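Visitor: What shape does this take:
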Amino acid sequence: MSDSPPIAYRARDVHHFVGSRFLSTCAMQVQSVAIGWQVYDMEKTALSLGLVGLCQFLPMFLLTLPAGDISDRYDQRRVYAWAARLQSFCSLLFVALTLFQVREVWAFYGVLVLFGAARGFAAPSGSSLLPFLVPPEKLPQALAYNSSVFTTAVIAGPALGGFLYATGEPALVYGLCFLGFQAAASIVARLKGRRFTPERSLASRGERVAEGIRFVKERPIVLGAISLDLFAVLLGGVTALLPIFAADILHVGPVGLGFLRSAPAVGACLTALYLARWPLKRKIGPILFASVAGFGLATIIFGFSTSFPLSLFCLFVLGATDMVSVNVRGSLVQLATPDSMRGRVSAVSMLFIGASNELGEFESGVTAALFGTVPAVVIGGVGTLLVVGAWMKLFPALARVNSFEDVRRLA
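Guide: As a prediction, this is how the structure comes out:
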């Protein structure tokens, strides 16, 4: 087959894209385990773990929206590839810090700021690319396929990272991350598929960014879906505190931490595979709210658990319910967005969802420092349930969505 075929969609582009996301996500998860354990080993405080998230959130918050506009103006493939290369450079810096036995935590925080900047460009460019590789009617299934492979990486990454770190070779962990990011960049740079030619516009970059924000604001279904995920992740996140649970509550060490980090991904992966085979067709809105409520309930039970198997099960449920939410929200946003706005709308969505993961880690660290680790997790789960109730009142149109076809007709 020619590298420049006349057809708009090619199956191999989708597989190559999903493969690249697998490599970059696996590298990110491996690196996250190593950083969390290394920082906690140096500082022994919940706040230090929260700062790991904050250092990544701030540059993501500042750069994600401009990066979305850049993704609409230029080829998303090139933007994503350069962002992945910058992530690989950060991994090299972590290798150097480890080999030279640097114990000043601020040096690791500095690299995390740069890594967060790279993620700020990778998120909107990567998220806006998939709709250009599949026809609209196949997008929900493609999203589920992408999610299943993504969560497979989230399963393998933390377990591999915990095992490698437990062998006493953290530099090897970061070295593998470097290779993963470099491979992802190489694959995406060679993708073909359908391309979008941006219209000539006299609007300034600020005006174009504001246009993307206004697009989301004026569509209650889109705004409700991404803001629901924002507060669920912000309040119900437990990822940042898992090193404390592994070390001081469950007493399972870095290998146990790897399993704890992988458990949500196991639930998410099995759910994504189910959704890829049997995609949701009816009662989309009610299912979305039910999944977020299940996420909050599982968070509360995990907070009280002192049993490693029960904790793993709760995290499994967290991943499964979160995957339903991710699939519904991702499909709603992509189906409601025209080609000319995909980069900017994806940037707004990723700012709500992607950056909120890191802000949620900081919130969890601060709350745990103030009230204790277990109360912080339980408070977050209760807050998630309260948000579900409030959002059903604030966004009744979202609660009434029956099928994805309804959203496509409104777009």
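Visitor: tell me the mean pLDDT for stretch 13-29?
Guide: Averaging pLDDT along stretch 13-29 yields 89.
Visitor: shaky segments in the stretch 201-350 of the chain?
Guide: Filtered on pLDDT under 70, the stretch 201-350 of the chain yields the residue ranges 201-206, 208-209, 236-237, 339-340, 342-343, 350.
Visitor: just the stretch 1-150 of the chain next, same as before
Guide: If you take pLDDT under 70 as the line, the stretch 1-150 of the chain has these spans: 1-11.
Visitor: If you count neighbours, what's buried in the helix or strand encompassing residue 125?
Guide: Using DSSP states H and E, the secondary-structure element containing residue 125 is helix 105-127. Residues of helix 105-127 classed as buried: 108-109, 111-127 (neighbour count, 16 or more other C-beta atoms under 10 Å). Heads up, the C-betas are built off the backbone N, CA and C, glycines and all.
Visitor: ok, now stretch 95-102?
Guide: 95, 97-98.
Visitor: Alpha carbons only: can I get that stretch in PDB?
Guide: Presented in PDB, the C-alpha positions along stretch 95-102 are these (Å, rounded to 0.1, in the frame of the first residue of the first chain):
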ATOM      1  CA  VAL A  95      18.700   9.100  35.000                       C
ATOM      2  CA  ALA A  96      21.500  11.700  35.700                       C
ATOM      3  CA  LEU A  97      20.000  12.700  39.000                       C
ATOM      4  CA  THR A  98      19.900   9.100  40.100                       C
ATOM      5  CA  LEU A  99      23.300   8.100  38.900                       C
ATOM      6  CA  PHE A 100      24.900  11.100  40.600                       C
ATOM      7  CA  GLN A 101      22.900  10.200  43.800                       C
ATOM      8  CA  VAL A 102      21.300  13.700  44.100                       C
END
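Visitor: got a list of contacts for that stretch?
Guide: 38, 107-108, 111, 170-171, 174-175, 178 (C-beta atoms under 8 Å, 6 or more residues apart in numbering).
Visitor: Residue 255: which of these is nearest?
Guide: Residue 255 has its nearest neighbour among the contacts of stretch 95-102 in residue 170, at 14.1 Å by C-beta to C-beta.
Visitor: isn't the closest one right up against residue 38?
Guide: Yes: Residue 170 lies in contact with residue 38 (C-beta atoms under 8 Å); the separation is 6.2 Å.
Visitor: Which parts of the protein are strands?
Guide: Read by DSSP state E, the chain holds no strands at all.
Visitor: max-length helix in it?
Guide: Counting residues, the longest helix found in the chain (DSSP state H) is helix 11-43.
Visitor: what angle sits between that helix and helix 105-127?
Guide: 160 degrees (axes from the mean of the first three to the mean of the last three C-alpha atoms, to 10 degrees).
Visitor: in helix 11-43, what's buried?
Guide: Per 16+ other C-beta under 10 Å, helix 11-43 contains these buried residues: 13-14, 16-18, 20-40.
Visitor: now do stretch 179-193
Guide: Neighbour-count burial for stretch 179-193 [16+ other C-beta under 10 Å]: 180-185, 187-189, 191-193.
Visitor: who's in contact with it?
Guide: By C-beta under 8 Å, 6+ apart, stretch 179-193 touches 3-5, 8-10, 13, 16-17, 19-21, 23-24, 26-27, 30, 77-78, 80-82, 84-85, 87-88, 91, 126, 129, 132-133.
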